[in-house]
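Enquirer: only the shape, not the letters, is given here:
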């Protein structure tokens, strides 16, 4: 009986990984896979999955979380490591995979090196994260990658360093912010070695900052549809940075366009 419940939960996660569904739709989808369970039983299973952080439910139905995707991809060691730390667990259970393809998510590497920067209740978290936490890092000499839903406005000393060292900078900015900050960006393009593309925020699943392959910050889209800058994961782990870069390159090629 327990094995049957576990198998049904796996099928539910797999089904919700494709799209969100309400109980009635999920019942039909399970039935088409030869799994006969009542809507009442499905509701109980969904409650258990939500408590485990694998799905989230609202009035429109249930969808899988990022942690749920890792589970459906059989990344059990990753899930176990995440759930063992309350701060990291609370981060991943409130993030959704959005447009990141599963072949990239399956490469996710967990690292004890992860730190969370920022908190959900910071009233001025955007200013703190983009200016204080990032601009005080050592100035990159070779390369900087930025993918944000709000424009990164570096501090004065940081700009001087960018002009002095002229690292390659790739920026993926939201269309709205590009329109509001076009004067600033045109000035930056004159003095900084920058490539620039814009994107619809809804198509941007990962906010990422990479500095010289030595340090990165990244955040996934939240349940509220925000690209994750209320809290960011920070790491210096080489494998994790490589994974974030792959995701940035995917967004750059598939969602970015010239302004």
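Expert: Looks like it arrived, so ask away. Computed from a prediction, not measured in an experiment: that's the story for all the values here.
Enquirer: state the phi and psi torsions of the residue most central in space within the chain.
Expert: Against the mean C-alpha coordinate of the chain, by Cα atoms, centre = their mean, the closest residue is residue 220 at 1.6 Å. Taking degrees, to the nearest 10, you get phi -90, psi 160 for the backbone angles of residue 220.
Enquirer: who does it bridge with?
Expert: Judged by DSSP bridges, the bridge partners of residue 220 are residue 206.
Enquirer: check the gap between it and residue 95 for me.
Expert: As judged by Cβ to Cβ, to the nearest Å, residue 220 and residue 95 stand 4 Å apart. Placement of C-beta: from N, CA and C, glycine included.
Enquirer: buried sites along stretch 48-68?
Expert: Using 16 or more other Cβ atoms under 10 Å as the test for burial, stretch 48-68 gives 49-50, 52-57, 61-68.
Enquirer: which pLDDT does the model give residue 131?
Expert: pLDDT, residue 131: 56.
Enquirer: if you could redo that for residue 111, that was the one I meant.
Expert: We have a pLDDT of 91 for residue 111.
Enquirer: that one touches residue 235, doesn't it?
Expert: Yes - using Cβ atoms under 8 Å, residue 111 is in contact with residue 235, at 5.8 Å.
Enquirer: which one of the two has more residues nearby?
Expert: residue 235 (20 against 15; other Cβ atoms under 10 Å).
Enquirer: which residues does that one contact?
Expert: Residue 235 makes contact with 111, 113, 114, 115, 215, 216, 241 under the criterion Cβ atoms under 8 Å, 6 or more residues apart in numbering.
Enquirer: this protein: helices as residue ranges?
Expert: 2-18, 23-32, 39-51, 66-72, 76-83, 86-92, 102-105, 125-127, 134-135, 156-165, 175-180, 182-191, 238-254 (DSSP state H).
Enquirer: could you check how far residue 105 is from residue 72?
Expert: Taking Cβ to Cβ, one finds residue 105 at 10 Å from residue 72.
Enquirer: any idea how far residue 12 is from residue 70?
Expert: 15 Å.
Enquirer: follow-up on the earlier one: of the contacts of residue 235, buried ones?
Expert: The buried subset of the contacts of residue 235 (16+ other Cβ under 10 Å) comprises 114, 215, 216, 241.
Enquirer: for the chain, which residues score under the pLDDT cut-off?
Expert: 1-6, 98-99, 118-143, 147-162, 181, 201-206, 225-230 (pLDDT under 70).
Enquirer: got the domain ranges for it?
Expert: For the chain, automatic domain parsing gives the domain ranges 2-83, 98-254.
Enquirer: now residue 77. Nearest residue, chain neighbours left out?
Expert: With sequence-adjacent residues excluded and distances taken as Cβ to Cβ, 6 or more residues apart in numbering, residue 77 is closest to residue 110, at 7.2 Å.
Enquirer: who's in contact with that neighbour?
Expert: By Cβ under 8 Å, 6+ apart, the neighbours of residue 110 are 77, 78, 81, 82.
Enquirer: again with residue 256
Expert: 172, 197, 198, 199.
Enquirer: at 6 Å instead, please
Expert: By Cβ atoms under 6 Å, 6 or more residues apart in numbering, the residues touching residue 256 are 172, 197, 199.
Enquirer: scan the residues you listed and report the most crowded one.
Expert: That'd be residue 172 among those, by other Cβ under 10 Å, with 24 neighbours.
Enquirer: list the contacts for that residue?
Expert: Contacts of residue 172 by Cβ under 6 Å, 6+ apart are 147, 197, 199, 252, 256.
Enquirer: how about a cut-off of 7 Å?
Expert: Residues in contact with residue 172, defined by Cβ atoms under 7 Å, 6 or more residues apart in numbering, are 147, 197, 199, 251, 252, 256.
Enquirer: beta partners for it?
Expert: Note on residue 172: beta-bridge partners residue 147, residue 197, judged by DSSP bridges.
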